[in-house]
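Participant: quick one, structure for this:
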Amino acid sequence: MRKILFLLVAAVVGLLAMSVGTSSAVPLNEKMLRENMATRIASMIQRQSGGQADLKGFGPGNIKVLRAEPVKVAPDVELNAVKLAITRSDGRSDEMVLITDSSGTVQFNMVTDIKTGDEAVLSKTPALTKIDFPSGLSTKVAVGKGKHDVVFVSDPFCPFCRDAFKHLLGKLDQIRELKIAHLPLPMHPGAEAASWVMHYAHDQGIVPFEVVKFAYEELKPVEKGVDGKLEGAQRAVVAQFVGKFPKLVGAQQLDAFFYFLKGKYEGVVVEGISRLAKMDFKSTPMIIIDGQVVSGFQAGEIDKRLAQ
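Facilitator: Residues are numbered from 1 along each chain as shown. Modelled structure (predicted):
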């Protein structure tokens with residue numbers, strides 16, 4: 001009898017231990033998440049407007065949970081990766097991805113695996129973090145022999161972009177198509193003019209790959225002109241391309257070619273910068289591999305994703 005009782009007690013203890021050690025999925029409280037996000041966004045808008053913003057009608061109804069995926073990051077820790085759509089008063093909608101607990105009250109900026117140092121939540125939800133990069137914002141640079149599509153958001157005067165470009169060219173055996181989206185940064189005088197030339201070379205089919213390669217490997221940074229105006233830097237950049245590739249300018253004089261480029265592509269580049277900013281691309285480099293964004297030049301992360 002005592003032996004049977006001991007076995008029963010042991011079984012109950014074992015079941016309790018299993019219950020404690022196993023994390024059961026707790027549904028995300030979407031209602032609380034939407035309420036908290038609406039309060040937070042309204043507060044941010046008010047601060048930015050100095051308290052002058054009209055927020056009548058803005059509330060939880062403006063927040064929509066597009067997708068939520070529970071992710072177990074440890075035996076007893078489960079978080080949620082969530083994609084939200086936030087509708088403004090003018091009808092436009094923005095999307096954001098965040099990591100939250102099941103209650104919808106706490107946001108985690110990044111969760112890292114202590115042992116490996118790798119990101120532990122969003123990397124497990126590729127369907128949620130995948131972006132559809134607009135085809136009109138990028139141009140083809142090279143075709144490789146691999147299966148992955150890569151979009152390279154960059155500035156040719158950014159040193160990390162130059163390192164990333166060289167790295168990507170060395171991975172064409174794993175890349176199906178390499179495209180570039182130009183994001184010239186204001187701290188690099190003349191970078192926008194380099195983008196004009198690369199657009200032109202692509203549109204005209206005048207050694208486009210060689211022109212892009214020159215921009216990222218040989219093009220020298222310039223200062224603003226002696227008059228302190230940006231146009232001096234832009235002219236100096238265009239002159240470097242023409243010196244390397246005379247066929248770009250053809251029978252035109254350099255001045256005429258410069259103003260042609262400026263008139264045709266200045267607006268294109270400015271619009272591209274604006275569209276990229278709306279997608280939260282404001283710095284370089286950004287490497288998008290099959291819709292998944294790698295921020296900055298992280299060679300190991302790039303290699304890992306291309307190897308998949």
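Participant: tell me the secondary structure for the residue nearest to E78 when sequence neighbours are not counted?
Facilitator: Leaving aside its sequence neighbours, E78 sits nearest to K72 (CB to CB, 6 or more residues apart in numbering; 4.9 Å). The C-beta positions use only the backbone N, C-alpha and C, and glycine is treated the same way. Assigned by DSSP: H, G, I helix; E, B strand; the rest coil, the conformation of K72 is strand.
Participant: how far away is K72 from D113?
Facilitator: With distances taken as CB to CB, to the nearest Å, K72 is found 12 Å from D113.
Participant: and W196, by the same measure?
Facilitator: W196 is 44 Å from D113, by CB to CB.
Participant: the more surrounded of those two?
Facilitator: Just comparing W196 and D113: by other CB atoms under 10 Å the higher neighbour count belongs to W196, 25 against 13.
Participant: ok so the more buried one is a helix residue?
Facilitator: Yes. Using three-state DSSP, the assignment for W196 is a helix.
Participant: mind listing what it touches?
Facilitator: W196 makes contact with V238, L261, K262, K264, Y265, E266, V269 under the criterion CB atoms under 8 Å, 6 or more residues apart in numbering.
Participant: settle this for me: the last one is touching M198, isn't it.
Facilitator: No. Counting by CB atoms under 8 Å, no contact exists between V269 and M198, whose distance comes to 9.8 Å.
Participant: just to revisit the earlier point, any chance of a PyMOL selection covering the buried ones in the contacts of W196?
Facilitator: Buried residues among the contacts of W196 (16 or more other CB atoms under 10 Å), as a PyMOL selection:
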select buried, resi 238+261+262+265+269
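Participant: from the contacts of W196, which land in helices?
Facilitator: Counting by DSSP state H, the contacts of W196 place V238, L261, K262, K264, Y265, E266, V269 in helices.
Participant: can you list the domain ranges for the protein.
Facilitator: 25-129, 135-306 (automatic domain parsing).
Participant: how far away is the residue nearest to V197 when sequence neighbours are not counted from F281?
Facilitator: In space, and not counting its chain neighbours, V197 is closest to F241: 4.7 Å by CB to CB, 6+ apart. Look at F241 and F281: by CB to CB, they are 25 Å apart.
Participant: what's the closest non-adjacent residue to the residue nearest the centre of the chain?
Facilitator: When CA atoms, centre = their mean is applied to the chain, the residue found nearest the centroid is V293 (4.6 Å). Counting by CB to CB, 6+ apart, V293 lies nearest to M286, which is 6.0 Å off, once chain neighbours are set aside.
Participant: is it true that the one you found touches S295?
Facilitator: Yes. At 6.0 Å, M286 counts as touching S295 under the criterion of CB under 8 Å.
Participant: and the strands in the chain?
Facilitator: Remark: strands assigned in the chain by DSSP state E are 63-74, 77-87, 93-100, 107-108, 139-143, 148-154, 175-182, 286-289, 292-295.
Participant: how about CSV for these, with distance to L248 and mean pLDDT added?
Facilitator: Formatted as CSV, the strands of the chain follow (distance: least, CB to CB, whole Å; pLDDT from 0 to 100):
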stretch, distance to L248, mean pLDDT
strand 63-74, 45, 92
strand 77-87, 43, 93
strand 93-100, 39, 90
strand 107-108, 50, 93
strand 139-143, 16, 97
strand 148-154, 21, 98
strand 175-182, 17, 98
strand 286-289, 28, 96
strand 292-295, 32, 91
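Participant: distance between stretch 187-205 and the chain's centre?
Facilitator: When distances are taken as CA atoms, centre = their mean, to the nearest Å, stretch 187-205 is centred 22 Å away from the chain's centroid.
Participant: give me the low-pLDDT residue ranges for the chain?
Facilitator: Where the chain drops to pLDDT under 70, the residues are 1-25, 225-228.
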